[in-house]
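Engineer: can't give you the sequence, but here's the structure:
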């Protein structure tokens, strides 16, 4: 920032610009710098484990995804409307990549965001029950403008406690019709009762999750398997393929 200001002042002096014009330009530089700092702070606070981009996603390979629909979601209109997004499908189909990319875009629009896996969130909330910090921990998941709960159904550690369903419900209920939420899952809604250990509470939770939500079911091959095969293909195979 200081270097940019020094360069602008030097250029203004050399070009003999009017003082008012110089001040206007300096204010513009400061405003851009302020926004960039806010964006970086939002990304850090989101706890995103990696920065995924939609530009890096191979839509030609994963034909089970409607690229136009995803690019429409990238405008973040669903965030402004406090709408929810559910990405469902088998492991490796690209759910998390798309979800993380959308969360990064939300950070870049200076929305308050938070990333967490379902298992990590439940472990955190269970620890809050143990040390009477549950209310504070719930706020961390209820307050952000965009919350991404990743890998619902992926980690069976969630079944260790009978309180899982009620804790998950508290987060969903706290955000329902108030903030935008992105969910990724590799199990269908009918299986979530068994997954969380309480069919009645889970049914009420799922009812809120799907209400006014955009639901995308990805039916396609494993993107990870595709990348693995590409990386492990012999040099001869790669040469033959590109002839």
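Structural biologist: Nice, thanks for sending it over. All figures in this text were calculated on a predicted structure; none of them were measured in a lab.

Engineer: quick one: name whatever helix or strand follows the longest helix anywhere in the chain.
Structural biologist: For the chain, the helix reaching the highest residue count under DSSP state H is reported as helix 19-46. Scanning the chain past helix 19-46 towards its C-terminal end, the next helix or strand to appear is helix 67-73 (assignment: DSSP states H and E).

Engineer: and that next one, how far out from the chain's middle?
Structural biologist: Mean-position distance between helix 67-73 and its chain equals 15 Å (CA atoms, centre = their mean, to the nearest Å).

Engineer: could you list the buried residues of that helix?
Structural biologist: Judged by neighbour count using 16 or more other CB atoms under 10 Å, the buried positions of helix 67-73 are 70, 73. C-beta: built from backbone N, CA, C; applies to glycine.

Engineer: outside of it itself, list whatever touches it.
Structural biologist: Contact with helix 67-73 is made by 54, 57, 59, 85, 98, 102, 214, 216, as judged by CB atoms under 8 Å, 6 or more residues apart in numbering.

Engineer: which of those residues are buried? Put it as a PyMOL command.
Structural biologist: Typed into PyMOL, the line below selects the buried ones among the contacts of helix 67-73, using 16+ other CB under 10 Å:
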select buried, resi 54+57+59+85+98+102+216
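
Engineer: from the contacts of helix 67-73, which is closest to residue 205?
Structural biologist: Using CB to CB, residue 85 is the member of the contacts of helix 67-73 that lies nearest residue 205, at 16.3 Å.

Engineer: coming back round to it: between the contacts of helix 67-73, which is closest to residue 201?
Structural biologist: Each of these was checked against residue 201 using CB to CB; the closest is residue 85, at 22.5 Å.

Engineer: in contact with that closest one, which residues?
Structural biologist: Listed by CB under 8 Å, 6+ apart, the contact set of residue 85 reads 73, 78, 99, 102, 180, 181, 182, 183, 213, 214, 216.

Engineer: gap between it and residue 37?
Structural biologist: Separation of residue 85 from residue 37 (CB to CB, to the nearest Å) stands at 28 Å.

Engineer: how about residue 174?
Structural biologist: As defined by CB to CB, residue 174 lies at a distance of 29 Å from residue 37.

Engineer: so for these two, which sits in the more crowded spot?
Structural biologist: Summary of the neighbour comparison: residue 174 and residue 37, criterion other CB atoms under 10 Å, with residue 174 having more neighbours (15 against 11).

Engineer: so the more buried one: helix, strand or coil?
Structural biologist: Three-state call for residue 174 (DSSP: H, G, I helix; E, B strand; the rest coil): helix.

Engineer: surely it meets residue 141?
Structural biologist: Yes: between residue 174 and residue 141 there is a contact under CB atoms under 8 Å: 7.4 Å.

Engineer: strands of this protein, start to end?
Structural biologist: Taking DSSP state E as the test, the strands found in the chain are 85-89, 113-117, 146-152, 180-185, 214-218.

Engineer: stretch 206-225: how far from the chain's middle?
Structural biologist: Chain-centre distance of stretch 206-225: 14 Å, with CA atoms, centre = their mean.

Engineer: pLDDT below threshold where in the protein?
Structural biologist: For the chain, the stretches with pLDDT under 70 are 1-9, 12-13, 19, 22, 25-26, 29, 31, 156-160, 223-243.
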